[in-house]
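Colleague: Predicted model and sequence below, questions to follow.
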Amino acid sequence: MAEKRRAMSELPTLIDSHCHLDMVEFDADRDAVLVRAREAGVEGMVIIGGVDANAGHKRALRVADALGFLLDRIEH
């Protein structure tokens, strides 16, 4: 019974697998968005660049790096 209670109390890891935090629309409140996401249980985010082709990819990498999200990257 104790194992069942423990398993039920463990929540899954939440990852936002597709976000655009690099967009200029988030410049004013990007930090607040991150705080709200973490408070809601989001433990990681994947920033998808490329909305505006090459410039978007570069902006996404800069933002991810600044936020400490950049673990690994592939450039093409």
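Modeller: Noted; the coordinates are in hand. Computed from a predicted model, the values in this text were never measured in an experiment.
Colleague: Just give me the residue right at the centre of this protein.
Modeller: Here the mean C-alpha position of the chain is nearest to the C-alpha of Met45 (C-alpha atoms, centre = their mean), at a distance of 1.8 Å.
Colleague: Leaving out sequence neighbours, find the closest residue to that residue.
Modeller: Leaving aside its chain neighbours, Met45 sits nearest to Asp16 (4.3 Å; criterion: C-beta to C-beta, 6 or more residues apart in numbering). Backbone N, C-alpha and C define where each C-beta goes, glycine included.
Colleague: contacting residues for the one you found?
Modeller: Contacts for Asp16 (C-beta atoms under 8 Å, 6 or more residues apart in numbering) come out as Ala37, Val42, Gly44, Met45, Val46.
Colleague: Check the offset of stretch 19-32 from the chain's centre.
Modeller: In terms of C-alpha atoms, centre = their mean, to the nearest Å, the gap separating the centre of stretch 19-32 from the centre of its chain is 11 Å.
Colleague: May I see the buried residues of that stretch?
Modeller: Cys19, His20, Leu21, Asp22, Met23, Phe26, Arg30 (16 or more other C-beta atoms under 10 Å).
Colleague: Tell me if I'm right that the last one and Leu21 touch.
Modeller: Yes - the pair Arg30 and Leu21 passes the contact test of C-beta atoms under 8 Å, sitting 5.9 Å apart.
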